[in-house]
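>>> Build me a model:
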Amino acid sequence: MRKNLLIALLASLTLGLAPFFPEPHLFGKVKWILGGGVGMKAEDWFDFVMHGAPFLWLTYELVMFIKDRFVQKKR
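Predicted coordinates for the structure are as follows:
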């Protein structure tokens, strides 16, 4: 389980944030969406989903890691 967490973290920091300059790509997409998403095309939404997927995976792995730790402490 810990190996999956590390891989998800690595994927989030590399694939999720690339390209890094002038700002991480995902941050620009989030700003665009929060600004109303005016002018976003299908490929922009697809790009947002693809760059966001590693963070969803990381969130899932973190929840499962915490859940496993909590369940082990109860026993």
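>>> Tell me the pLDDT of L9.
L9 is assigned a predicted lDDT (pLDDT) of 93.
>>> Tell me the spacing between the residue nearest in space to the middle of the chain and V38.
Closest residue to the average C-alpha location of the chain: F55 at 1.5 Å, with Cα atoms, centre = their mean. F55 is 24 Å from V38, where distance means Cβ to Cβ, to the nearest Å. To be clear about C-beta, it is placed using only N, CA and C from the backbone, and glycine gets the same treatment.
>>> for G28, same thing?
Distance of G28 to V38, given as Cβ to Cβ: 14 Å.
>>> quick one, which of these two is more surrounded?
Comparing G28 with V38 by other Cβ atoms under 10 Å, the one with more neighbours is G28, at 14 against 7.
>>> returning to that earlier point: tell me if I'm right that the residue nearest to the centre of the chain and S12 touch.
Yes - with contact defined as Cβ atoms under 8 Å, F55 reaches S12; the gap is 5.2 Å.
>>> need the helices for this protein, in chain order.
Counting by DSSP state H, the chain has helices at residues 2-14, 25-34, 42-74.
>>> Tell me which residues of the shortest one come out buried.
Across helix 25-34, burial judged by 16 or more other Cβ atoms under 10 Å covers 25-26, 29.
>>> ditto for stretch 15-23
Neighbour counts over stretch 15-23 (16+ other Cβ under 10 Å) mark 16-17 as buried.
>>> Stretch 54-73 now?
The neighbour-count check on stretch 54-73 (16+ other Cβ under 10 Å) flags 54-55, 57-58, 61 as buried.
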